[in-house]
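S.K.: Any chance you can model this:
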Amino acid sequence: MAAPQPSSRSESRRGGVLVKIREFDPKTVFSWQLLKTLAMGQGLAALICGTAVSSQFLASHFHVNTPMMQSFLIYSLLCVTYTTMLFCRTGDDNILEILKRRWWKYLLLGLVDVEANYTVVKAYQYTTLTSVQLLDCFVIPVLMVLSWWILKTRYRVVHYVAVCICLFGVGAMVGADLLAGRDQGSASNVLLGDGLVLLSASLYAVSNVSQEYTVKNLSRVEFLGMVGLFGTIISTAQMVVLEHYEISTIKWSWQVGLLLAAYTLSMYALYSFMPMMMKVSSATSVNLSLLTADLFSLFCGIFLFQYNFSGLYVISLIVILIGFIAFNVVPTPANPSDNSSTSSSTSISEDGCYDNPVATENAFTQMELSVKIPAEVKEEEDLKERKMSASRSCRSLGGNKSDGELTEQSTKL
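M.R.: Down below sits the predicted model:
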């Protein structure tokens, strides 16, 4: 048989694409799970916007530049709530048992998380806002590499395309900032500032991958409780060494207290709800949704700080959301060597949580149909074959019997 010509192959491919387009059902893409994930991601972005606006008010109106003290307030609140929960638990989930088994891991994780928050704030003293916005996106490729290496997440082409779309949206946002004249910040040592941003992005990636692993395999309370405990210890020591003079010069007022409370509660809510989204999606998906946080801050700044509006901001928001949706539509299998994982195009963690459940429902429906229909057809064929074999055996055993008797006997068999 002659091999098909290249033209016939291309025509068959085009025909397959047309069939897929005709069979496309928007309900399978824009599912309730996707909408819920999108809403959770934008809620987290709104919380980051709250922290940015409150920090800017503290710095510009009240000259409060104490990132370590603000981090101390966050970790202390996490420690009071979630670490206390671990004290109240019994058995292997008690804080003493956790500290015996993996205290050094959480010590390193707390150090990484504290320094990630500190270095990105410190970078604003040496480089511009544009550099921070662009280089901060370095967290996404680092996250994808760490997820591939540690969590065994396998990405498809559509995921890389979706990430590029989101980064294009960030580029549009930075372009709008330049057109609006918002290239703020110091340029005293751009090389040092850019290096701090890249370091912060790498530390955030390590922290987020560790967070995703912990909440999917252990528990959210354990992660927040241990990070709150060690984060409080580390931030206290660092605050005393680095910011004792800045804290002593703060002119306290009810406005300063209110802004600090708003910042602390926003970050506390962010830390509390982010593991919930990571449990139903992934760290990469969460960080893609957080790209819109700067846009929310800009929209608030138009009313609060008289920023100039640009239509590119709206375009940037739409492009980032399109990339986020495209990333979450297709599931990310975590272990392609596992046949069950490959067949369902999704991975199941130890506590039964899927890496990307937005498309899991549709994948399982297709898998169920592909298994159920052949099974039913095979069952019917086996039943017919048993009846025919029974009829043949009856005829061979009772040749002098009538057809009615043979039929009755075969039916009994």
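
S.K.: rest of the way, CA atoms for contacts and neighbours
M.R.: Noted.

S.K.: surely M40 meets P275?
M.R.: No: counting by C-alpha atoms under 8 Å, M40 stays clear of P275, with 11.0 Å between them.

S.K.: quick one, which of those two is more surrounded?
M.R.: Of the pair M40 and P275, P275 is the one with more neighbours under other C-alpha atoms under 10 Å, namely 25 against 18.

S.K.: Now that one: which helix or strand?
M.R.: helix 254-280 (DSSP states H and E).

S.K.: Domain ranges for the chain, per the record?
M.R.: Here the domain assignment for the chain is 32-334+353-359, 370-412, based on automatic domain parsing.

S.K.: Leaving aside the residues adjacent along the chain, what's closest to C79?
M.R.: Excluding its sequence neighbours, the residue lying closest to C79 (C-alpha to C-alpha, 6 or more residues apart in numbering) is G228, at 4.4 Å.

S.K.: swap in G91?
M.R.: Spatial nearest neighbour of G91, chain neighbours left out: E97 (7.5 Å); criterion: C-alpha to C-alpha, 6+ apart.

S.K.: Look up how far S248 lies from the one you found.
M.R.: To S248, E97 is 39 Å away according to C-alpha to C-alpha, to the nearest Å.

S.K.: Looking at the two, which is more packed in?
M.R.: Remark: of E97 and S248, E97 carries more neighbours, 14 against 9, as counted by other C-alpha under 10 Å.

S.K.: Tell me where the stretch 151-300 of the chain has helices.
M.R.: Per DSSP state H, counting those that start in this stretch, the stretch 151-300 of the chain carries helices over the ranges 157-179, 190-217, 220-242, 244-248, 254-280, 283-289, 293-304.

S.K.: Pick the most buried one from these.
M.R.: helix 283-289 (a mean of 24; mean count of other C-alpha atoms under 10 Å).

S.K.: Helix or strand, whichever it is, which one in the chain has the lowest mean pLDDT?
M.R.: Every helix and strand of the chain was ranked by mean pLDDT, DSSP states H and E. The lowest is helix 339-344, at a mean of 37.

S.K.: Give me the next element, helix or strand, following the helix or strand containing I48.
M.R.: Using DSSP H and E, I48 maps to helix 32-61. Going down the chain from helix 32-61, the next helix or strand is helix 67-78, by DSSP H and E.

S.K.: what's next to that next one, contact-wise?
M.R.: Counting by C-alpha atoms under 8 Å, 6 or more residues apart in numbering, helix 67-78 makes contact with 114, 117-118, 121, 224-225, 227-229, 231-232, 235-236, 238-239, 243, 247, 260, 263-265, 267-268, all of which sit outside it.

S.K.: List the buried residues for stretch 318-327?
M.R.: Within stretch 318-327, the residues that count as buried by 16 or more other C-alpha atoms under 10 Å are V319, I320, L321, G323, F324, I325, A326, F327.
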